[in-house]
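*Asks:* Only the shape, not the letters, is given here:
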């Protein structure tokens with residue numbers, strides 16, 4: 001009796017297989033292929049949504065378009081695999097006229113150069129916002145600062161990086177690690193050089209970067225040099241293997257954004273935006289607050305104090321009428337603390353007032369700012385303290 005049931009089960013299976021191979025079965029399959037069931041806006045029950053491979057660092061996202069055939073018993077596995085492979089091939093070759101396969105340009109454009117070449121000024125001009133602090137003193141920038149410029153046809157993530165130097169202590173090493181990370185994910189490199197600095201030294205630094213991506217040399221501060229000198233600088237860098245194009249600008253005098261972006265966009269890959277909201281940076285507000293305070297130290301303090309100082313925002317509370325901010329200024333020695341506080345607290349008041357005005361402009365809110373000066377000997381060599389201060 002058992003053997004008879006097994007035999008009948010196998011017989012039924014064979015009969016179903018023959019039906020699938022019949023003209024009726026093939027007709028049913030192609031009816032399903034040509035219907036909205038395959039190319040509809042929503043996947044049928046039992047199916048799963050088709051998505052091309054994600055780009056590097058890209059988050060999973062919902063697409064509206066192709067959907068893979070569901071594995072149901074009426075469709076053979078061979079046909080299922082064939083159609084899947086066909087859809088994948090068509091998508092990769094970009095031969096399907098679907099809305100989510102746009103021609104948008106998106107990528108990372110990272111700025112490199114020696115200290116005080118004008119990298120931060122250029123970033124602020126490109127964004128129309130003050131995202132990076134600036135100072136006539138060297139080594140003002142200590143972090144990699146990303147700025148997101150989005151338009152209907154492109155998204156460029158610019159990165160301001162610390163000036164390239166030979167590290168002397170652990171803080172410098174952290175700064176050069178930020179440069180290294182920017183080298184690793186760049187799609188296009190902007191190599192900025194001051195027209196009045198030593199071109200050979202700048203060229204040596206650019207060569208040492210060993211770039212694997214196209215580079216544009218930006219000759220800055222042309223308002224401070226004659227035409228002959230500018231032509232010589234252009235000729236020098238145009239002859240270099242790493243250089244695709246040379247652009248001459250004066251970042252402080254302003255630039256034509258459209259003409260500046262054109263050669264960059266020519267080199268950027270096509271792809272979906274990396275950021276989908278309206279943010280102009282991926283860094284938190286507290287970071288920019290600490291940077292604005294540190295900028296005032298560079299502007300008001302003398303000698304080595306700016307290079308020995310760090311800022312830690314300990315409290316950031318949004319109240320109904322204002323934002324309360326409490327921050328510590330970290331220095332190396334007691335003498336530096338005394339200088340920053342000043343006689344009868346005059347210096348710290350002056351510094352706090354100047355910083356508060358800039359922070360209020362940045363936040364577009366009233367600010368109550370409270371500053372404290374603390375001494376942490378050799379913090380620039382202490383890994384734990386560097387991590388605490390955001391390095």
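*Replies:* Perfect, thanks for sending it. As the structure is a computational prediction, the values presented were derived from the model and not from experiment.

*Asks:* Can you get me a residue count around the closest residue to residue 306 other than its chain neighbours?
*Replies:* Distances taken as CB to CB, 6 or more residues apart in numbering place residue 298 nearest to residue 306, at 4.4 Å, with adjacent residues excluded. Yep, even glycine has a C-beta here, placed from its N, CA and C like the rest. A count of nearby residues for residue 298, using other CB atoms under 10 Å, gives 18.

*Asks:* ok, residue 298 - contacts?
*Replies:* Applying CB atoms under 8 Å, 6 or more residues apart in numbering to residue 298 gives the contacts 133, 135, 137, 140, 306.

*Asks:* From the residues you listed, list just the buried residues.
*Replies:* Neighbour counting with 16 or more other CB atoms under 10 Å marks 133, 135, 140, 306 as buried within those.

*Asks:* any idea which of those is closest to residue 279?
*Replies:* Of all the buried ones among the contacts of residue 298, the one with the least separation from residue 279 (CB to CB) is residue 133, at 19.3 Å.

*Asks:* from what I can see the closest one touches residue 292, true?
*Replies:* Yes - using CB atoms under 8 Å, residue 133 is in contact with residue 292, at 6.7 Å.

*Asks:* Make sure the residue nearest to residue 306 is indeed in a strand.
*Replies:* No - membership of residue 298 in a strand is not supported by DSSP: H, G, I helix; E, B strand; the rest coil, which gives helix.

*Asks:* sorry, back to before: could I get the contacts of residue 298 in a markdown table, plus columns for distance to residue 233?
*Replies:* Below are the contacts of residue 298 laid out as a markdown table (distance: CB to CB, whole Å):
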| residue | distance to residue 233 |
| --- | --- |
| 133 | 27 |
| 135 | 25 |
| 137 | 24 |
| 140 | 24 |
| 306 | 30 |
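
*Asks:* what's the span of stretch 245-257, first residue to last?
*Replies:* With CA to CA, to the nearest Å as the measure, the first residue of stretch 245-257 is 16 Å from its last.

*Asks:* For residue 219, list each beta-bridge partner.
*Replies:* residue 193, residue 248 (DSSP bridges).

*Asks:* what's the lowest-pLDDT member of the buried ones among the contacts of residue 298?
*Replies:* Among the buried ones among the contacts of residue 298, residue 135 carries the lowest pLDDT, at 90.

*Asks:* Give me the pLDDT for residue 275.
*Replies:* For residue 275, the pLDDT comes out at 89.

*Asks:* Quick check: it touching residue 150?
*Replies:* Yes - checked against CB under 8 Å, the pair residue 275 and residue 150 is within contact range at 7.2 Å.

*Asks:* okay, how far is it across stretch 238-253, tip to tip?
*Replies:* Between the opening and closing residues of stretch 238-253 lies a distance of 24 Å (CA to CA).

*Asks:* cool, stretch 134-150 as well?
*Replies:* OK, stretch 134-150 end separation, CA to CA: 24 Å.

*Asks:* distance between it and the chain's centre?
*Replies:* Centre-to-centre, stretch 134-150 and its host chain are 13 Å apart (CA atoms, centre = their mean, to the nearest Å).

*Asks:* ok, now stretch 313-329?
*Replies:* Relative to its chain's centre, stretch 313-329 lies at 27 Å (CA atoms, centre = their mean).

*Asks:* Pull out the buried residues from that stretch.
*Replies:* Within stretch 313-329, judged by 16+ other CB under 10 Å, the buried ones are 313, 323, 325, 327, 328, 329.

*Asks:* next one: stretch 272-281 to chain centre, how far?
*Replies:* The chain centre lies 9 Å from the centre of stretch 272-281; the measure is CA atoms, centre = their mean.

*Asks:* for stretch 130-142, that is, sorry about that
*Replies:* 19 Å.

*Asks:* Just the residues contacting that stretch, thanks.
*Replies:* Outside of stretch 130-142, the residues within contact range by CB under 8 Å, 6+ apart are 115-116, 119-121, 123-124, 145, 147, 160-163, 165, 171, 174-175, 178, 280-281, 288, 291-292, 294-295, 298-299, 306-307, 362, 391.
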